[in-house]
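> What follows is a predicted structure for the sequence shown.
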Amino acid sequence: MEYLIVDILKKLGGLINKCQKIRKGIPVEMKKGDARHVCLSGIQTSIVPLMLSYGALECSNQSIPEIQLIKVCGLKSGTNKELLDQFDTWAKLTILIFTHFRLESLFSNLLSAIDNTQKDKRGFEKVQTSLFALITVSDKNEKADCLKVMSILRNSLHNNSINKNENFEKTIKGKKFKFIKDEHTTANIFEIIFLIDHALDIVEEIINS
């Protein structure tokens, strides 16, 4: 974890606030089981425990001099660096997997609502492509690229984080992402938050369309 916890908490808090802002613009009460609210509230619900975990780590670090994390969690071995690296990986995968799942569910619901003949369509990219063909949003290719980067990262988990798809290289809002077939995918947590932040902008534009 080569970053300050205060920085990551600020970034994660920004995602929470963006979700809430988008939800306030939806013309359906937040308590209703609307797919748009379900998606955004689900993303919020996956982020809050991460923020709590980061905050607990920081609080423990400040309160206990020379803290040994193995004693905090009851393990018999492992350095602080090893445990924090594992935590960092868990945090990245948690926010990526849950957000991608919520986006896939939202897109499927919207596609079905707009065109009921496509309600049984499966596969994130197929659903996203079909949905984009039916709605009016700007820069569809750039938006599709952002979502594809998230999909490549998520799908690589089925193969020990190895990209089994074709080579893919795109620059998204000034940030370059490159994946090579049959090689490991890599992304730090700030890059994943960057993708989710952009994905929320995409969700907002889709909803407003």
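Thanks, I have it. Numbers count the residues shown, from 1 in each chain.
> When you work out contacts or count neighbours from here on, use the C-alpha atoms and nothing else.
Noted.
> Please list the residues outside stretch 198-209 that contact it.
Contact with stretch 198-209 is made by 18-19, 22, 26, 36, 135-137, 143, 146-147, as judged by CA atoms under 8 Å, 6 or more residues apart in numbering.
> Walking through this protein, point out its strands one by one.
For the chain, applying DSSP state E gives strands covering 168-172, 175-179.
> and these as CSV, adding mean pLDDT, distance to residue 202 and mean neighbour count?
What follows is those, written out as CSV (pLDDT from 0 to 100; distance: least, CA to CA, whole Å; neighbours: other CA atoms under 10 Å):
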stretch, mean pLDDT, distance to residue 202, mean neighbour count
strand 168-172, 93, 13, 14
strand 175-179, 94, 17, 14
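> wait, which of those is closest to residue 191?
Nearest of the strands of the chain to residue 191, taken as CA to CA: strand 175-179 at 8.5 Å.
> what does that closest one contact?
149, 163, 167-171, 185.
> Can you find the helix or strand of this structure with the lowest average pLDDT?
Ranking every helix and strand in the chain by mean pLDDT, DSSP states H and E puts helix 69-73 at the bottom, with a mean of 81.
> Show me what counts as buried in it.
residue 69 (16 or more other CA atoms under 10 Å).
> for it, packing partners?
Using 3 or more CA pairs under 8 Å, 6 or more residues apart in numbering; DSSP states H and E, the elements in contact with helix 69-73 are helix 80-114.
> The strands of the chain into JSON lines, with extra columns for distance to residue 82?
Shown next, in JSON lines, are the strands of the chain (distance: least, CA to CA, whole Å):
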{"stretch": "strand 168-172", "distance to residue 82": "31"}
{"stretch": "strand 175-179", "distance to residue 82": "26"}
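> nearest to residue 63, of the ones you listed?
Comparing the strands of the chain by their distance to residue 63 (CA to CA), the top pick is strand 175-179, with 37.3 Å.
> so where's this structure uncertain?
Where the chain drops to pLDDT under 70, the residues are 1-2.
> check contacts around residue 60.
By CA under 8 Å, 6+ apart, the neighbours of residue 60 are residue 67.
> Correction: the previous question concerned residue 195.
For residue 195, the contacting residues are 146-147, 150, by CA under 8 Å, 6+ apart.
> Can you give me the distance of it to residue 88?
Distance, residue 195 to residue 88, by CA to CA, to the nearest Å: 17 Å.
> what's the answer for residue 129, then?
Shown here: residue 129 relative to residue 88, a distance of 32 Å by CA to CA.
> try residue 144
27 Å.
> What separation is there between the residue nearest to the spatial centre of the chain and residue 123?
The residue lying closest to the centre of the chain (CA atoms, centre = their mean) is residue 96, at 3.5 Å. In this view, residue 96 and residue 123 are 17 Å apart by CA to CA.
> can you give me the helices in this protein?
5-24, 35-63, 69-73, 80-114, 124-134, 140-155, 189-208 (DSSP state H).
> and those helices as CSV, adding distance to residue 175?
CSV is the format used below for these (distance: least, CA to CA, whole Å):
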stretch, distance to residue 175
helix 5-24, 17
helix 35-63, 23
helix 69-73, 34
helix 80-114, 18
helix 124-134, 21
helix 140-155, 10
helix 189-208, 9
